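**Student:** take this sequence and fold it.
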Amino acid sequence: MKNIRILLLNIAVDRSDVSLGFTSSWIKEFSYQYKFVDVITLNKNEEIELDNVKVYGLSGKNSLGKIKKLITLRKIIRELTNLNKYDLVFSHMSPLLLIITKLFNTERSTLHVLWYTHPMPNRIIKKLVLYISLLISNKVVTASNTSFPIKSKKVLNIGHAIDYENFYLERDNVSISKFLILSRISKSKNLDFIIDEFLSSEFNQMPLDIIGDCLTPRDYKYKQFLVNKYSHNKNINFIGKVKHENLSSILSNYDVNFNATNEGFYDKTVLETIANGIINFYTNSDYSKHFSRESRDLFQFKLEKNSLSNKLNKIKKVDSKLLTKFIDELQNSVVTESLSSIVYRINSSVQNKPSQ
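**Tutor:** Residues are numbered from 1 along each chain as shown. Below is the predicted model of the structure:
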């Protein structure tokens, strides 16, 4: 595959965004492999200062309604696809933009790839958009075996792409005193379950910080529920958003992270905290590929009463040297999902494209 020109479609270009700040790093990686990189984004909050990268799209402060935004993006896509011949159109979590691009890009040699890692949308229209994007794509790449909600031979699990070198921290001494939930505040993340279990454990007087915030009105309602429920627990702290570019240094202050997502959610926050040398208690078996049988027994819990609290109580008795060994093993495992290999993995996924 000749890496000449790529069109990237995404939700945001904003390094300060705690959830999507990493997309700027992705763009930088693509710029090393492609001579020309064009980016169309729904939220353009910064420029990428690279000679071969051009960013188009809507300002994050744009007040246009949904229909007008769609018309504006349609115009940008039509102009770029008429002007340029793309080797690859790669859409990150934006199946609708991929569909629009496919309508205007008539070049048969262009490969269309969707990245999507999330459970099935609830709304019918979004389900339809996802089905259509799968149909018209040459490939769909996702992070784990359960993170794309539709079964298809087109779907390929290529893992995540974390900035491993940035997050990596060597830990000489392991302590169990500073606890963290690094997560979007959403009911799907089962944060109240984690907090209840934490408060039922022998660590219930230690501080537990929740870093992350809401995206939707439903999320804000859930956050208010959490704030009210734990208002009398002074050790439960809702920190809110932090800039993605500052996240690695902030994580160095913590020892333990909790993640209680079900299958379908393969959160890169778990991989980032592992790279940072943080102990992770988790539920989703997709993460188990990074854990040895011994460490899996210690850190994987179920969404059942006392499952997590019992695991927490047991860890107090585990030798510090053994915990250090587990951390080293996990860090050596997640390096396979580092940012530096994402372009290679995406390009490899489309070397043998299926006929359409």
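**Student:** can you give me the helices for the chain?
**Tutor:** All helices of the chain, identified by DSSP state H, fall at 23-33, 66-83, 95-104, 124-136, 164-167, 191-199, 217-229, 247-251, 268-275, 293-299, 307-315, 320-334, 342-349.
**Student:** quick one: contacts of the fifth one?
**Tutor:** Helix 164-167 is contacted by residues 247-248, 251, 272-273, 275-276, 334-335, 337-340 when judged by Cβ atoms under 8 Å, 6 or more residues apart in numbering. In short, each C-beta sits where N, CA and C put it, glycine included.
**Student:** tell me if I'm right that residue 252 and residue 169 touch.
**Tutor:** Yes: because the distance of 5.6 Å satisfies Cβ atoms under 8 Å, residue 252 is recorded as touching residue 169.
**Student:** give the intersection of the neighbour lists for those two.
**Tutor:** With Cβ under 8 Å, 6+ apart, residue 252 and residue 169 have common neighbours residue 276.
**Student:** between the two, which is the more surrounded one?
**Tutor:** residue 169 (15 against 12; other Cβ atoms under 10 Å).
**Student:** contacts only, for the more buried one.
**Tutor:** Contacts of residue 169 (Cβ under 8 Å, 6+ apart): 248, 251, 252, 275, 276, 277.
**Student:** please report how far it lies from residue 275.
**Tutor:** 8 Å (Cβ to Cβ, to the nearest Å).
**Student:** check residue 190 too.
**Tutor:** The value you get for residue 190 to residue 275, if Cβ to Cβ is used, is 23 Å.
**Student:** next: residue 308.
**Tutor:** From residue 308 across to residue 275, the span is 23 Å (Cβ to Cβ).
**Student:** now swap in residue 266 and tell me
**Tutor:** Using Cβ to Cβ, one obtains 15 Å as the distance from residue 266 to residue 275.
**Student:** again, but for residue 7
**Tutor:** Counting by Cβ to Cβ - residue 7 and residue 275 are separated by 30 Å.
**Student:** likewise for residue 99?
**Tutor:** 35 Å.
**Student:** these two: which has the busier surroundings?
**Tutor:** Taking neighbours as other Cβ under 10 Å, residue 99 and residue 275 compare with residue 275 leading, 25 against 19.
**Student:** if we can go back for a sec, among the contacts of residue 169, which one lies nearest to residue 64?
**Tutor:** residue 248 (34.9 Å; Cβ to Cβ).
**Student:** how many neighbours does residue 50 have?
**Tutor:** Residues near residue 50, counting by other Cβ under 10 Å: 14.
**Student:** which residues sit in contact with the nearest residue to it once chain neighbours are set aside?
**Tutor:** Once flanking residues are discounted, residue 50 sits nearest to residue 31: 5.0 Å by Cβ to Cβ, 6 or more residues apart in numbering. Applying Cβ under 8 Å, 6+ apart to residue 31 gives the contacts 37, 48, 50, 52, 53.
**Student:** one more pass at 7 Å, please.
**Tutor:** 37, 50, 52, 53 (Cβ atoms under 7 Å, 6 or more residues apart in numbering).
**Student:** how near is it to residue 83?
**Tutor:** Separation of residue 31 from residue 83 (Cβ to Cβ) stands at 19 Å.
**Student:** give the residue farthest from the middle of the protein.
**Tutor:** Using Cα atoms, centre = their mean, the residue of the chain lying farthest from its centre is residue 317. It sits 32.9 Å away.
**Student:** phi and psi next, for that one.
**Tutor:** phi -100, psi 0 (degrees, to the nearest 10).
**Student:** do you know the pLDDT at it?
**Tutor:** Residue 317 carries a pLDDT value of 90.
**Student:** residue contacts, it?
**Tutor:** Residue 317 makes contact with no residue, according to Cβ under 7 Å, 6+ apart.
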